[in-house]
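Structure, please.
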Amino acid sequence: MTKKEFIYQGTLGGPGLSGYAYRADLYCRDCGGDIYHDIAPEIAPLLRDTDDPRFSDSDVCPQPIYFGESEYEEHCTSCGVYLYGESEDEEITDGMGHDDFDDC
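Below is the predicted model:
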C-alpha cells in the first residue's frame with residue numbers, strides 16, 4: 001500500500017463519523033486524520049492493502065468510530081473537543097418531563 005492510499009483509506013470519513021480510536025485513546029476527526037498523516041510514511045509500506053489484518057488493529061492504525069455512543073462524555077485525547085456521550089449535567093427523562101421513572 002502506498003502512503004497516499006493509506007491516508008485516503010484512513011480519512012474517508014463519511015456520515016456519522018464521530019472520531020477515531022487509536023492505542024486505547026479517542027480522537028476527533030481532525031486529530032485522527034493528523035495521526036494518519038504522521039504515521040503513513042512508516043506504516044503504509046508494511047501493509048499489503050486494506051484487507052491486511054493490521055489495517056484494522058487500533059494499535060497500528062486509527063480506527064473510525066461511527067455514531068459513537070457512551071454512558072459518559074467522551075473527549076478527544078489530543079485537543080479535548082467533545083466527541084459524544086451523555087453529559088453529567090443533562091437530566092435523563094422519559095420524554096414527558098418525568099425524571100424519576102419509579103413515579104410513572
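
hey, let's count contacts and neighbours off CA atoms from now on
OK.

Give me the local confidence score for Tyr8.
The confidence metric pLDDT takes the value 61 at Tyr8.

actually Tyr27, sorry about that
95.

Now it: closest residue in space that isn't a chain neighbour?
Leaving aside its chain neighbours, Tyr27 sits nearest to Cys76 (4.3 Å; criterion: CA to CA, 6 or more residues apart in numbering).

Show me where the protein has its strands.
17-22, 25-27, 63-66, 74-75, 82-84 (DSSP state E).

could those go into JSON lines alongside distance to Asp38 and mean neighbour count?
Below are the strands of the chain laid out as JSON lines (distance: least, CA to CA, whole Å; neighbours: other CA atoms under 10 Å):
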{"stretch": "strand 17-22", "distance to Asp38": "13", "mean neighbour count": "22"}
{"stretch": "strand 25-27", "distance to Asp38": "14", "mean neighbour count": "22"}
{"stretch": "strand 63-66", "distance to Asp38": "15", "mean neighbour count": "20"}
{"stretch": "strand 74-75", "distance to Asp38": "21", "mean neighbour count": "19"}
{"stretch": "strand 82-84", "distance to Asp38": "22", "mean neighbour count": "17"}
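
show me where pLDDT drops low in this structure?
Counting by pLDDT under 70, the chain contains low-confidence ranges at 1-15, 50, 87-104.

what do you get if the cut-off is 90, keeping everything else the same?
Along the chain, segments meeting pLDDT under 90 span 1-19, 29-30, 32-33, 36-37, 39-58, 60-73, 83-104.

tell me what the lengthiest helix in the chain is packed against?
Looking across the chain with DSSP state H, the single longest helix is helix 29-43. With contacts taken as 3 or more CA pairs under 8 Å, 6 or more residues apart in numbering; DSSP states H and E, helix 29-43 sits against helix 3-10, strand 17-22.
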